[in-house]
Structure formats: structure tokens, C-alpha cells
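# Provide a 3D model corresponding to the input given below.
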Amino acid sequence: MSDTNKKDEPEIRITKNGPYIVSGNVPLVRLTLVCNSSGDAVEWKEGERYPVQETYALCRCGGSHNKPFCDGTHLNNHFEGTETASRVPYLKRAGWTEGPGIRLGDAPGFCSHARFCVRGKGIWELVEESGNPKARKTAIQMAADCNSGRLVIWDKKTREPLEPAFEKSIGLVEGPIKGIFGPLLVRGGIPVISADGFVYEIRNRVTLCRCGNSGNKPFCDGSHMRG
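Now for the predicted structure:
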């Protein structure tokens, strides 16, 4: 592979106490979290798509006046962006819930508190009851909607994860309450590279903090919901 092709591949680089530098013509789209009357998430609604850019900088401190893009505010608000997230791969962190034909991997350290998993009986009980086709289908969809990738369902027969197919893209998670800005949903296996050059495990879906308050940087831990 030529150096030119490598340069054009999508990636996200984290800068020390600064923004995320996104390169490789990665699409950027707004995603609204739609909830039911109980406050539990039920679906994603896609909104505005931004013009595609070869390279752009996304705010990581939460203070930009040009969100989602960086405007240099981190230089004035003394943003502390030290990365504290575990670098242990998903399969070594996950616990398992077993069901007929499928099993659920659950790594709470990735959770961004979108609340798809607690709707109704909750995904764990549905997996245990997945001999019922409706329960199986619902559990698989709930896991697929888990934006952080905390929850992954595996087919016991094929031993493969039942993952949604995503284009390489970044979703700006918003809502359901106006003014509440959630994480960056990184989809499709885009490499996330730490400020010290470490490449985090490449996964189909992860969520990156953009409020600046996560205790699990660079990943979201739901701090945006706590104001």
C-alpha cells in the first residue's frame, strides 16, 4: 500500500489537552436519541449531514463556541484532557450472559448511558429468553443500538458478533432534551490514536467524550447527562 493511500485512510488523533483531529474524509452527521415516556432510548434519528472535509478538528473540552468544531477555547479554559481509559481489549473485560443460540458480552467500562439496554425487561433477561424469536430479535436490536459498544451479541453457532454494518462515520449524539450534547459516536472501525501514539482497540462502535468531563477519557462515561 502506498504512503498516499495510508494518509487517506480515516483516523482520529487525540491531541494533548486539545481537540480530536479527524482525517480521511470522515462523514459527520447529527444523531438524535429518541426516548419513550419512561426516558428509555428506543431509536436513533439521523439529522443534518455536514459537508465532507479531508481534515477537521472536533472540540474535546466542551467549551467551543463553534461546536462541534474546535475554536481554540481549550487554550484559555485550561482543559485537562489526560487519557485515563483502560487499554485492555474488549474480550478481556467483558462478562457474559448466556441464552439459547446467542450470548451477550457486557463491558461496563465502555458505557455512555444511552439506556437502550434497560427498556422493558432489559437486554439481559431477553437474552436468557432468546429461544423466543421476538425476544431474540429485540435483544439483538438493543445491543446494536448501544452506541458505546458496551454490549455485543454473539451467535453461538458461528461464534461471530452480530454487529450492524456502518459506514466509517462520526455521529454527533444529541437529545432527547434540547441543549444536551452527548458523545461522538465513532462508527465503522475508525482507528482512535492517543496523544502518546497508542492505537486503541479498533471497534465497530465507540463513543468519545466531547463535554470534557468524562472520567474515562477519551471515551464517554455519561458525564454530559450530569451537567
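# Tell me how far the residue nearest to residue 168 when sequence neighbours are not counted lies from residue 59.
Closest residue to residue 168 apart from its sequence neighbours, by C-beta to C-beta, 6 or more residues apart in numbering: residue 188 at 3.7 Å. Heads up, the C-betas are built off the backbone N, CA and C, glycines and all. Distance, residue 188 to residue 59, using C-beta to C-beta, to the nearest Å: 22 Å.
# again, but for residue 72
According to C-beta to C-beta, residue 72 and residue 59 sit 10 Å apart.
# Next one, pLDDT for the residue nearest to residue 168 please.
Turning to residue 188, the model gives it a pLDDT of 97.
# and what of residue 3?
pLDDT at residue 3 comes out at 46.
# how many other residues sit next to residue 171?
Neighbours of residue 171 under the rule other C-beta atoms under 10 Å: 24.
# partner residues bridging it?
Counting by DSSP bridges, residue 171 forms beta bridges with residue 29, residue 185.
# and it, what is it in contact with?
The neighbourhood of residue 171, defined by C-beta atoms under 8 Å, 6 or more residues apart in numbering, consists of 29, 30, 31, 44, 46, 147, 184, 185, 187.
# hang on, isn't the last one packed against residue 168?
Same thing as residue 187. Yes: the criterion here is C-beta atoms under 8 Å, and residue 187 meets it with residue 168 at 6.9 Å.
# wait, doesn't residue 193 sit right on residue 208?
No: the pair residue 193 / residue 208 is not scored as a contact, 11.9 Å apart, by C-beta under 8 Å.
# The two: who's more crowded?
Under the criterion of other C-beta under 10 Å, the comparison of residue 193 against residue 208 puts residue 208 first, with 24 against 16.
# these two touch, right, that one and residue 187?
No: under the criterion of C-beta under 8 Å, residue 208 is not in contact with residue 187, lying 11.5 Å apart.
# Just the element for residue 135, please.
Assigned by DSSP states H and E, residue 135 belongs to helix 133-145.
# Sort out which residues of that helix are buried, please.
Neighbour counts over helix 133-145 (16 or more other C-beta atoms under 10 Å) mark 135, 136, 138, 139, 140, 141, 142, 143, 144, 145 as buried.
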